[in-house]
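Participant: Quick one: sequence and predicted model below, then my questions.
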Amino acid sequence: MAEIILHVNSTKYEGWENISVQHSMTAYAGAFTVQTTNLSFGGRMRFFGIHNGDAVTLTYNGFKMIDGYIDSIDVSYDADKHLMTISGRDKTADLVDCSYISKDATVVLDKKAVTVSNFFAKQSVLSVISTLCNQFNIKVVATTSVQALLSEEVSKKMNGGAFVLSQGTAVSEEITMLGNAYGFLAMTIGDGKLLLTTEETLLVSGRLKTYGKLKPGESDILGNIISGSMTSDDTERYAGYIVKGQGQPVPTDFAPVSTTPVTDPKGVSEDLLIRPVRTKTILEEDLTDSGLAQKRADWEARIRAAMSRTYTYTVFGWSPFVGGEFWQINTIVHVTDTFFNIDGTFLIKDVDFSLSNNGEIATLKLVPQGSFEIRLRKIAEIKNTLDDFV
């Protein structure tokens, strides 16, 4: 059986009756819950001197699954037993819960000096994100796939030449907004660090080709399917996507500006598997042209189709590798399932790990590859007026 250990303030605790761990591509922080009763310790409940806010790590076969802090401790009892439940999250939970503390800077706007809070200028995207995370002692790690994107100056995608945080907004929301503008995803894989990456960049091809497979009917082999389910939902899917955008005035030699015609950029994309009467008109919020409108329409059709089909599999063991690492989000797994008539690769979006009397179980939620492709968006414009900063 795998070695699962809770480390609290450098002290090791094991022998928990129930353990659950959650990792998700759509959550900035992994979470865990461990539970024990007095029956685990010869009828005598042990209070371990564990407190809210204590530093905690949870490891599986030596691999770190959670690196964070204890959020809550619940203790109860009845005539038969005492029960203690401890829950916590990765360090990155602070990015979800908290806002960045205002930093004031004096800048010149409209030829006047003004004090502005949370103002970033002439910094790279990575520098901005690192500054936000430094307040919480969180390390930022970027994969090679996004390093070029993160080296760009954050003001390049803004008309005002700088980036200003919104007061009271969670740090995770600000980072997500930057991700939408520059084309990266932010997540954690349980090590307490913020990982900046793109879809599927955690693929370890050699090992996954050998072990990263799901197949029903072979319960004696680690990682094979116990049960499976599929969700097929077309409520957000349409036969046709029509994207209309704000256009630029058409230049003419003689017509005054007030009567100058404006282009009407439009893009159309089809999904032939959906009833023809279902169409969706999308108004592009930014100035665009027909080429960009067509890209938006194609993106909507592709992503909505991908997200309309999800598969959930419960498998034996927390790891696809014998004695190795646990199942990881944002990796590719090959599924052969004759019941659903699929034989191909999928992206692991969520993993829920559990340990109980039934042993080690992992529940994987899978989506088609490409489901987390990002449609680049502009960062909100910052105007050079004093009114914007008071």
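Facilitator: Yes, it's here.
Participant: going forward, measure contacts between C-alpha atoms and count neighbours the same way
Facilitator: Will do.
Participant: what packs against the helix or strand where S76 lies?
Facilitator: S76 belongs to strand 63-77 when assigned by DSSP states H and E. Secondary-structure packing of strand 63-77 (3 or more CA pairs under 8 Å, 6 or more residues apart in numbering; DSSP states H and E): strand 55-60, strand 82-90.
Participant: Compare the ones you listed and report which one is nearest to R375.
Facilitator: Of all the helices and strands packed on strand 63-77, strand 82-90 sits nearest to R375, with 27.9 Å by CA to CA.
Participant: which regions of the stretch 51-200 of the chain sit below the pLDDT cut-off?
Facilitator: 103-111, 113-118, 155-162 (pLDDT under 70).
Participant: And Q328, which helix or strand is it part of?
Facilitator: Going by DSSP H and E, Q328 is not in any helix or strand.
Participant: Can you get me a residue count around it?
Facilitator: 23 (other CA atoms under 10 Å).
Participant: Over to R377?
Facilitator: With neighbours defined by other CA under 10 Å, the count for R377 comes to 16.
Participant: what helix or strand does it sit in?
Facilitator: Per DSSP H and E: R377 is located in neither a helix nor a strand.
Participant: contacting residues for it?
Facilitator: Contacts for R377 (CA atoms under 8 Å, 6 or more residues apart in numbering) come out as 180-182.
Participant: repeat for I175
Facilitator: Taking CA under 8 Å, 6+ apart, we find I175 in contact with 129, 186.
Participant: before we move on, the earlier item: could I get the helices and strands packed on strand 63-77 in TSV, plus columns for distance to V128 and mean neighbour count?
Facilitator: Below are those laid out as TSV (distance: least, CA to CA, whole Å; neighbours: other CA atoms under 10 Å):
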stretch	distance to V128	mean neighbour count
strand 55-60	26	21
strand 82-90	21	21
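Participant: got the domain boundaries for this structure?
Facilitator: 4-90, 97-199+376-389, 205-233+308-367, 240-305 (automatic domain parsing).
Participant: From start to finish, how long is the shortest one in a straight line?
Facilitator: I take that to be domain 240-305. 12 Å (CA to CA, to the nearest Å).
Participant: What's the mean pLDDT across that domain?
Facilitator: Domain 240-305 shows a mean pLDDT of 75 in the predicted model.
Participant: So what's the residue count around A362?
Facilitator: 25.
Participant: Which pLDDT does the model give it?
Facilitator: Note for A362: predicted pLDDT of 94.
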